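Q: what shape does this take:
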Amino acid sequence: MTTKKRSFPVRLIKLLIRLIIYFLLITLLWVGLYAFVPPPVTITMLMDENGITKDWTPISDISPNLTDAVIAAEDGKFCSHDGFDRDAIINAIERNRQGGRIRGGSTISQQTAKNVFLWQDGGYFRKGLEAYFTFLIEKIWGKRRIMEVYLNVAETGIGTYGVQAGSQRYFKKDAADLTKIEAARIAAALPLPKQRAVNGATGFTRRYGNTIAARINVVKNEGLDSCVYK
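A: Okay, here's the model as predicted:
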């Protein structure tokens with residue numbers, strides 16, 4: 001009886017070790033594959049009741065105005081952090097202590113990891129997985145690939161994913177041809193793409209878009225996009 005009792009936790013530990021190894025191998029292969037192959041679909045897309053409109057576009061065919069707009073709007077430290085903005089995380093923790101919806105101070109890298117490999121809702125468990133995948137894409141993909149994938153999987157409108165599909169929907173032109181103000185309007189809508197209008201934007205979205213458009217020059221002049229355009 002003593003031998004049997006002792007063997008059960010040993011078997012359990014061995015099983016857990018195998019599961020961890022399988023998880024690491026699968027996720028490493030998954031992330032490694034997407035370093036070269038466009039993600040065909042994401043969980044967010046599959047769960048979207050409005051369908052999916054998307055058109056993968058290489059970053060070389062996307063206007064730098066869009067890259068600079070999302071850096072200005074979402075993550076000014078994109079080229080200088082390792083995937084995590086620690087100051088933003090500390091501020092988010094302070095807000096979370098006050099209750100309400102869990103916020104993570106997400107960088108573009110974290111948003112990309114979440115959009116590609118995970119789901120939108122969830123608490124600390126999903127945030128933990130998000131941190132793991134963020135670490136992997138920072139090490140395996142690099143900044144330029146992270147930005148390319150982000151611009152292609154981010155939701156830009158109802159049932160619309162990626163900046164190329166958003167550009168065609170709102171401005172009837174390719175993402176390569178967007179002006180600063182057009183790129184800024186798309187960036188302004190990214191946090192709430194189902195609620196914020198891009199065409200005919202008014203109120204906060206219009207003001208925020210104008211602010212982002214002005215910041216694009218700062219991003220360019222200060223080289224905040226240097227990791228993308230070397």
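Q: so where's the chain uncertain?
A: Residue ranges of the chain with pLDDT under 70: 1-6, 92, 95-105.
Q: what element comes up after the longest helix along it heading to the C-terminus?
A: As assigned by DSSP state H, the longest helix anywhere in the chain is helix 2-34. Once the chain leaves helix 2-34, the next helix or strand it forms, by DSSP states H and E, is helix 43-46.
Q: note down every partner strand of the very next helix or strand once past that following helix and its orientation.
A: Downstream of helix 43-46, the first helix or strand assigned by DSSP H and E is strand 53-54. For strand 53-54, the pairing partners within the sheet under DSSP bridges are strand 160-161 (parallel).
Q: residues in contact with the strand it pairs with?
A: 42, 45, 52-54, 152-155, 166, 169, 193 (C-beta atoms under 8 Å, 6 or more residues apart in numbering). All C-beta spots, glycine's among them, are computed from the backbone N, C-alpha and C.
Q: recalculate using a threshold of 7 Å.
A: If you take C-beta atoms under 7 Å, 6 or more residues apart in numbering as the criterion, strand 160-161 is touched by 45, 52-54, 153, 155, 166, 169.
Q: how about stretch 118-130 as PDB, C-alpha atoms only?
A: Provided in PDB are the C-alpha atoms of stretch 118-130 (Å, rounded to 0.1, in the frame of the first residue of the first chain):
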ATOM      1  CA  LEU A 118      -5.600  33.900 -27.600                       C
ATOM      2  CA  TRP A 119      -9.000  35.300 -27.000                       C
ATOM      3  CA  GLN A 120     -10.300  38.700 -26.000                       C
ATOM      4  CA  ASP A 121     -11.900  38.200 -22.700                       C
ATOM      5  CA  GLY A 122     -10.400  36.700 -19.600                       C
ATOM      6  CA  GLY A 123      -8.600  37.500 -16.400                       C
ATOM      7  CA  TYR A 124      -5.200  36.800 -15.000                       C
ATOM      8  CA  PHE A 125      -4.900  33.400 -16.600                       C
ATOM      9  CA  ARG A 126      -5.200  34.800 -20.100                       C
ATOM     10  CA  LYS A 127      -2.900  37.700 -19.200                       C
ATOM     11  CA  GLY A 128      -0.300  35.100 -18.100                       C
ATOM     12  CA  LEU A 129      -0.500  33.300 -21.400                       C
ATOM     13  CA  GLU A 130      -0.400  36.700 -23.100                       C
END
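Q: over to the residue nearest to residue 208 when sequence neighbours are not counted. Which of the three states is it?
A: Once flanking residues are discounted, residue 208 sits nearest to residue 188: 4.5 Å by C-beta to C-beta, 6 or more residues apart in numbering. Secondary structure assignment for residue 188 (DSSP: H, G, I helix; E, B strand; the rest coil): helix.
Q: number of nearby residues for residue 188?
A: If you count neighbours by other C-beta atoms under 10 Å, residue 188 ends up with 25.
Q: so it makes contact with residue 209?
A: Yes - applying C-beta atoms under 7 Å, one finds residue 188 in contact with residue 209, separated by 4.0 Å.
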